[in-house]
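Undergrad: just to be clear, the model below is a prediction. Sequence and coordinates:
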Amino acid sequence: MEQDHIISEVRKNREKLSEQFDNDLDKLFEYFKKEEKKSKSKLKNLQPKKKSGSEQ
């Protein structure tokens, strides 16, 4: 099976970040929260919307 270069690049960057934060998810999360605050972009909440009572 041929490897997708985009997937390979994403995995390589994930490895670098993981190593940078000693494989500690709490440290990584704090890093992303700080980056999010510095961002000028509007961020979206990707949580699913709650259904109203009639749509169940």
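TA: Okay, I see it.

Undergrad: and for the longest helix along the chain, what's in contact with it?
TA: In the chain, taking DSSP state H as the definition, the longest helix is helix 5-20. Contacts to helix 5-20, defined as Cβ atoms under 8 Å, 6 or more residues apart in numbering, come from residues 28, 31. Every residue, glycine included, has its C-beta placed from N, CA and C.

Undergrad: let's see that with 10 Å instead.
TA: Residues outside helix 5-20 that contact it (Cβ atoms under 10 Å, 6 or more residues apart in numbering) are 3, 4, 23, 24, 25, 27, 28, 31, 32.

Undergrad: and it, C-alpha only, in PDB?
TA: Extracted in PDB, the C-alpha atoms of helix 5-20 (Å, rounded to 0.1, in the frame of the first residue of the first chain):
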ATOM      1  CA  HIS A   5       2.600  12.000   2.100                       C
ATOM      2  CA  ILE A   6       0.200  14.200   4.000                       C
ATOM      3  CA  ILE A   7      -0.500  11.600   6.700                       C
ATOM      4  CA  SER A   8       3.300  11.000   7.000                       C
ATOM      5  CA  GLU A   9       3.900  14.700   7.500                       C
ATOM      6  CA  VAL A  10       1.100  14.900  10.200                       C
ATOM      7  CA  ARG A  11       2.600  11.900  12.000                       C
ATOM      8  CA  LYS A  12       6.100  13.400  11.800                       C
ATOM      9  CA  ASN A  13       4.900  16.700  13.300                       C
ATOM     10  CA  ARG A  14       2.900  14.900  16.000                       C
ATOM     11  CA  GLU A  15       6.100  13.000  17.000                       C
ATOM     12  CA  LYS A  16       8.100  16.200  17.200                       C
ATOM     13  CA  LEU A  17       5.500  17.900  19.400                       C
ATOM     14  CA  SER A  18       5.200  14.900  21.600                       C
ATOM     15  CA  GLU A  19       8.900  14.800  22.100                       C
ATOM     16  CA  GLN A  20       9.100  18.500  22.700                       C
END
